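Q: Give the three-dimensional model of this entry:
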Amino acid sequence: KAAASSPTAKSNEASALRACARSIGLADSMALNLAGWTIRASVAFTLGNKAKGRKCRFNMDSRYTQLADVLCGFSTRLKKGEKVLIDVAETPEEFVIALIRSARKHGAVPMVNIQQARVSREMTRAGNAAQFKLFAEHELARMKKMHAYIAVRGANNIFESSDVPADRARLLGETVRPLMDWRVNKTKWVVLRWPTSSMAQQAKLSTEAFEDFYFRVCTLDYARMIPGMEALKQAMMATDEVQITGPGTDLKFNIKGMNAIPCGGEYNIPDGEVFSCPVKKSVEGFVTFNVPSIYQGQAFDGVRLEFSAGKIVNATSNNTTALNRILDSDEGARYIGEFALGFNPHILHPMRDILFDEKISGSFHFTPGQAYKTAGNGNTSRIHWDMVCIQRPDCGGGEVWFDGKLIRKDGLFIPTALKKLNPDYLLGKAK
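A: Numbering: from 1, shown residues only. Here you go, the predicted model:
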């Protein structure tokens, strides 16, 4: 509040506060309360050019610190002496600082890489093989020195790369594949989005409401998922045939001998899935996905896939030409590299962001392209496209069967051991 009493002094004070707010990227109308900043606390900013200028004190949002501790302490389990690469895009400096401080608190050595989407677009749009090769070699050399990797990806425009030529995007993807493989298989890693106005628009929420939703989802008590995830892992690993049915869907495939991986906040935030993989040529039937998605900067709705001997033999959507162009990226793109069941109790509706959508409560996803080595069928591809279907009653319902036993109906798990993955238990409403 302005300390001065006269109208002129109050006006000058307000102008100074707005100038201070602009200097840290806040709009005038939200000058003193956006993204967790409030006028109280410990870091002093001097307003004015003189030593006697008035001081405005700000606190970092406590949620930044809490989330940073989840990423450094729970997700990557940083230890003394470990090196961690903090890779951020369009993310507030304050959160990057929170990550640095949390990494150091755990005794780790933080390194930071800062990206901007428009710059990345330009580097890719007219890039060539020599440039991409140099980039991949440089980044791989750095990644090989890291024990852990934390990626925070904001997006002010989710379609920023929509006009990048497909052949450039494909070439870059091929060139950086060794980098991605090393990061996934050789480091402790976690990836998350950063809440932006663009994401709020996707979710059809106000900026403030989406921000509250984001931190609620990302700071969920993920440890509560552990018993249910372990039970689902064991059920998957004991299963031969999976059948999934629902509106526009009747799929059968085999997961015999495949590993199953619980994901409860260690690799992605938000999290909440257990994934496995079909035997490569076992998939038969058809599936219709009721969650829209963005892939390679393009929007896809109503994707329907038909399979024969594991291969996608027919694919349609609102953008069938682009869909099939992506599925023709390479030989492995028309085979499935992942099957997963999602159960995050806070995520109920799609927002065209796969890190959220693949965790939707009562969903499954089926993934054309690259398989993970930890739970894979040997399929290789430059793409990995998680396609999502929600099976809750409000989205048409559906069933998941393991070897003829009903495992999940209309989004809720049926066996007693798996009920700990239902929303009431995960939210602490049931024992």
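
Q: low-scoring stretches of this structure, by residue?
A: For the chain, the stretches with pLDDT under 70 are 1-59.

Q: middle-most residue in it, spatially?
A: Of all residues in the chain, the one closest to the mean position by C-alpha atoms, centre = their mean is L355, 2.7 Å from it.

Q: residues in contact with that one?
A: L355 sits next to 191-193, 268, 270 when contact means C-beta atoms under 8 Å, 6 or more residues apart in numbering. Yep, even glycine has a C-beta here, placed from its N, CA and C like the rest.

Q: I'd like those laid out as TSV, including distance to K256 and secondary structure.
A: TSV is the format used below for the contacts of L355 (distance: C-beta to C-beta, whole Å; DSSP: H, G, I helix; E, B strand; the rest coil):
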residue	distance to K256	secondary structure
V191	30	strand
L192	33	strand
R193	35	strand
N268	27	strand
P270	31	coil
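
Q: between the residues you listed, which is nearest M60?
A: Closest approach to M60 among the contacts of L355 (C-beta to C-beta): L192, at 18.1 Å.

Q: OK, contacts around the closest residue to the closest one other than its chain neighbours?
A: Closest residue in space to L192, ignoring its immediate chain neighbours: I269 at 4.0 Å, by C-beta to C-beta, 6 or more residues apart in numbering. Going by C-beta under 8 Å, 6+ apart, I269 touches 67, 70-71, 75, 190-192, 218.

Q: What separation do you get for I269 and Q201?
A: For I269, the distance to Q201 equals 21 Å [C-beta to C-beta, to the nearest Å].

Q: next one: E284
A: As judged by C-beta to C-beta, E284 and Q201 stand 39 Å apart.

Q: Over to L220?
A: Distance from L220 to Q201, by C-beta to C-beta: 23 Å.

Q: quick one: which of those two has more around it?
A: L220 (23 against 15; other C-beta atoms under 10 Å).

Q: I'd say that one and I347 touch.
A: No. The pair L220 / I347 is not scored as a contact, 9.8 Å apart, by C-beta atoms under 8 Å.

Q: overlap in contacts of those two?
A: Common contact partners of L220 and I347 (C-beta under 8 Å, 6+ apart): 270, 272.

Q: burial count for the closest residue to P292 other than its chain neighbours?
A: Of all residues not flanking P292 in the chain, D301 sits nearest, at 4.5 Å (C-beta to C-beta, 6+ apart). By other C-beta under 10 Å, the residues close to D301 number 13.

Q: Now do the contacts for D301.
A: 292, 317-319.

Q: Over to Y372?
A: 184, 261, 275, 277, 337-338.

Q: go with 7 Å
A: By C-beta atoms under 7 Å, 6 or more residues apart in numbering, the residues touching Y372 are E338.

Q: Helices of the stretch 201-350 of the chain, residue ranges please.
A: For the stretch 201-350 of the chain, applying DSSP state H, counting those that start in this stretch gives helices covering 207-218, 226-237, 320-327.

Q: where do the strands sit along the stretch 251-400 of the chain?
A: 261-263, 268-269, 273-276, 284-288, 293-295, 298-300, 304-308, 311-316, 336-342, 363-368, 387-390, 399-402 (DSSP state E, counting those that start in this stretch).

Q: Take these and lay them out in CSV including distance to A209.
A: Listed next are those as CSV, based on distance: least, C-beta to C-beta, whole Å:
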stretch, distance to A209
strand 261-263, 26
strand 268-269, 19
strand 273-276, 25
strand 284-288, 30
strand 293-295, 22
strand 298-300, 23
strand 304-308, 33
strand 311-316, 35
strand 336-342, 22
strand 363-368, 22
strand 387-390, 21
strand 399-402, 32
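
Q: Out of the ones you listed, flag the one nearest Y149.
A: Closest to Y149 of the strands of the stretch 251-400 of the chain is strand 268-269 (C-beta to C-beta; 12.4 Å).

Q: ok, that closest one: who's next to it in the sheet?
A: strand 188-193 (parallel) (DSSP bridges).

Q: picking up where we left off before, dump the contacts of D301 to a markdown table, plus neighbour count and distance to A129.
A: What follows is these, written out as a markdown table (neighbours: other C-beta atoms under 10 Å; distance: C-beta to C-beta, whole Å):
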| residue | neighbour count | distance to A129 |
| --- | --- | --- |
| P292 | 18 | 33 |
| S317 | 21 | 31 |
| N318 | 12 | 33 |
| N319 | 16 | 28 |
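
Q: from these, which single one is nearest L412?
A: In terms of C-beta to C-beta, no member of the contacts of D301 lies closer to L412 than P292, at 23.8 Å.

Q: Surely the closest one is in contact with R352?
A: Yes. Counting by C-beta atoms under 7 Å, R352 is a contact partner of P292 at 5.7 Å.

Q: list residues touching both of these two?
A: Counting by C-beta under 7 Å, 6+ apart, P292 and R352 have no common neighbour.

Q: Run a quick neighbour tally on the residue lying closest to G248 once chain neighbours are set aside.
A: Nearest non-adjacent residue to G248, counting by C-beta to C-beta, 6+ apart: T288, 3.1 Å away. Using other C-beta under 10 Å, T288 has 18 neighbouring residues.

Q: Report the beta-bridge partners for T288.
A: R304.

Q: Cool, thanks, talk later.
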